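**Student:** How does the following fold in three dimensions:
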Amino acid sequence: MSDRPSDPSYIATRVHFEDSGRVSWKEPRYPPSVSIQLDQTSIATFQGETMVSIPFVVATDTGDASGRFDGTVRYQACTESRCLFPVTRHVTAMIRIARPQGE
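**Tutor:** This next block holds a predicted model:
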């Protein structure tokens, strides 16, 4: 299912990370959806490997550091005949924060 389902009864794909003291996450940027036929209805989905980018802002007082940030991906998979129950998967983002020399 896409991030903007074509019917309110479908579960939108959502990627979410909690803000921390070092990183503030912005709105995810999802790819364009594609339409598939489900029974007699066209639904907005993602197909195959889907790349979602999530901008973030690093706190100005954060020095050089590596960070592990845990998040979730919630989605509902569909085939051409039915939609499955939604699931939530845990994901991890590893970010290396390095300030330029002299800052």
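**Student:** Show me the strands in this protein, by range?
**Tutor:** Along the chain, counting by DSSP state E, strands occupy 14-17, 23-25, 34-38, 41-45, 56-58, 65-75, 87-97.
**Student:** what pairs with the fourth one, and is each one parallel or antiparallel?
**Tutor:** It refers to strand 41-45. Its sheet considered, strand 41-45 pairs with strand 34-38 (antiparallel) by DSSP bridges.
**Student:** List the buried residues in the partner strand.
**Tutor:** Within strand 34-38, the residues that qualify as buried by neighbour count (16 or more other Cβ atoms under 10 Å) are L38. In short, each C-beta sits where N, CA and C put it, glycine included.
**Student:** picking up where we left off before, so for S81, which of the strands of the chain sits nearest?
**Tutor:** Among these, the nearest to S81 by Cβ to Cβ is strand 34-38 (7.4 Å).
**Student:** For the closest one, give the mean pLDDT please.
**Tutor:** When pLDDT is averaged along strand 34-38, the result is 86.
**Student:** hang on, the earlier thing: the strands of the chain: which one's closest to D7?
**Tutor:** Evaluated over the strands of the chain, closeness to D7 peaks at strand 41-45, with 6.9 Å, by Cβ to Cβ.
**Student:** what's the angle between that closest one and strand 65-75?
**Tutor:** Taking axes from the mean of the first three to the mean of the last three Cα atoms, to 10 degrees, one finds that strand 41-45 is oriented at 170 degrees with respect to strand 65-75.
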